[in-house]
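[1] I would like the atomic coordinates for the input below:
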Amino acid sequence: MTPDGRITSEFDDTAIIEPEEDEELADLELVVLDLAGTTVVDDGLVERAFARAADAAGLTSTEEERTAALAYVHRTMGQSKAAVFRALTGDDDQAEHANAVFESTYAELVAAAGVRAVPGAEELIGLLRESGVAVVLTTGFSRATLDVVLAALGWADLADVTLSADEAGRGRPYPDLPLTAVLRTGTTAVDGMVVVGDTASDIASGIAAGAGLVVGVLSGSHDERTLLDAGADAVVDSVADLAELLGFADEDAEYDDEEDDLADVDDEDALDDEDALDDDVELDDDAALARADGPAGR
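    Numbering: from 1, shown residues only. Below is the predicted model of the structure:
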């Protein structure tokens, strides 16, 4: 850990960086999960759609400008796509046109290439909801694009709430998405919320909203150092590791231990029964010998 309290690691690929043990979290009420790169495998579809939109809207005229624009897109992953285009163009009309091309292109790519869940994402969401924890899926996409992705995955009813940036007010890195999630789910306190995402913007949004825990995942756009520098309390390889980080895996292990203990008791009882049966057999053998040594045998 650095002197300012930031968590660090040795950057091994499988490490789970956990919060300080003496930091007690509030009761968990809500988990806010990003979509592309966090719960949904992106496969570069966002950047491909951005590149096509930039070309169609004439945002760049040289290869150098195009490279610089795509680098900016990568740095600002997780933010509202419309806001990113406005920053690139400085012109609302041009940005609106570029965003419209992006949205339609992304929907086409999803339809053509398909989209799939990050392994373990559906199971995690099911586990959280079964445990009484609300789950909200958030995105920088428009509602129309969000619905395309949800429909392709069959996720229409997977989470308690789904939110696009325009429905919350401002997109990331502002706190509007997590705070809207708090309001929509009736969560009683922001520190009972966990925010999870694959970009620095996700982390900044969670921190600004006052989330009790902000977690970065390495399944999407940004690397561990970027997520930690943004202020992530913890970094895990995948959203599937979140159950262990939140203590659900420990509860399962305790349950398994209890089952093992019961199995051990049953095994001991079985052994006792076998010993008793052996004693009976020995007694029966002795009785048989005694009969053989009786009057007829003498």
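[2] which residues sit in contact with Leu70?
    By Cβ atoms under 8 Å, 6 or more residues apart in numbering, Leu70 lies in contact with Glu47, Phe50, Ala51, Ala54. (Glycine included, C-beta is placed from N, CA and C.)
[3] Is there a neighbour count for the second one? I'd like the number.
    By the other Cβ atoms under 10 Å criterion, the neighbourhood of Phe50 contains 26 residues.
[4] Name the residues of stretch 28-48 that are buried.
    For stretch 28-48, burial by neighbour count (16 or more other Cβ atoms under 10 Å) applies to 28-42, 45-46.
[5] quick one: it to chain centroid distance?
    With Cα atoms, centre = their mean, to the nearest Å as the basis, stretch 28-48 stands 8 Å off its chain's centre.
[6] Which of the contacts of Leu70 sits closest to Gln94?
    Distance to Gln94, by Cβ to Cβ, is smallest for Ala54 among the contacts of Leu70, at 10.5 Å.
[7] What is the helix or strand hosting the closest one packed up against?
    Per DSSP states H and E, Ala54 falls inside helix 45-56. Judged by 3 or more Cβ pairs under 8 Å, 6 or more residues apart in numbering; DSSP states H and E, the packing partners of helix 45-56 are helix 63-75, helix 81-89, helix 92-113.
[8] Residues touching that helix, excluding its own?
    36, 59-60, 66, 69-70, 73-74, 77, 81, 84-85, 88, 97-99, 101-102, 105-106, 109-110, 113, 115.
[9] Restricted to buried residues, select the residues you listed in ChimeraX.
    The following ChimeraX line selects those of the contacts of helix 45-56 that are buried, judged by 16+ other Cβ under 10 Å:
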select :36,59,60,69,73,77,81,84,85,88,97,98,99,101,102,105,106,109,110,115
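[10] Let's have the helices and strands packed on helix 45-56 in JSON lines, adding mean pLDDT and distance to Ala168.
    Supplementary listing: the helices and strands packed on helix 45-56 in JSON lines, determined by pLDDT from 0 to 100; distance: least, Cβ to Cβ, whole Å:
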{"stretch": "helix 63-75", "mean pLDDT": "82", "distance to Ala168": "21"}
{"stretch": "helix 81-89", "mean pLDDT": "82", "distance to Ala168": "12"}
{"stretch": "helix 92-113", "mean pLDDT": "88", "distance to Ala168": "17"}
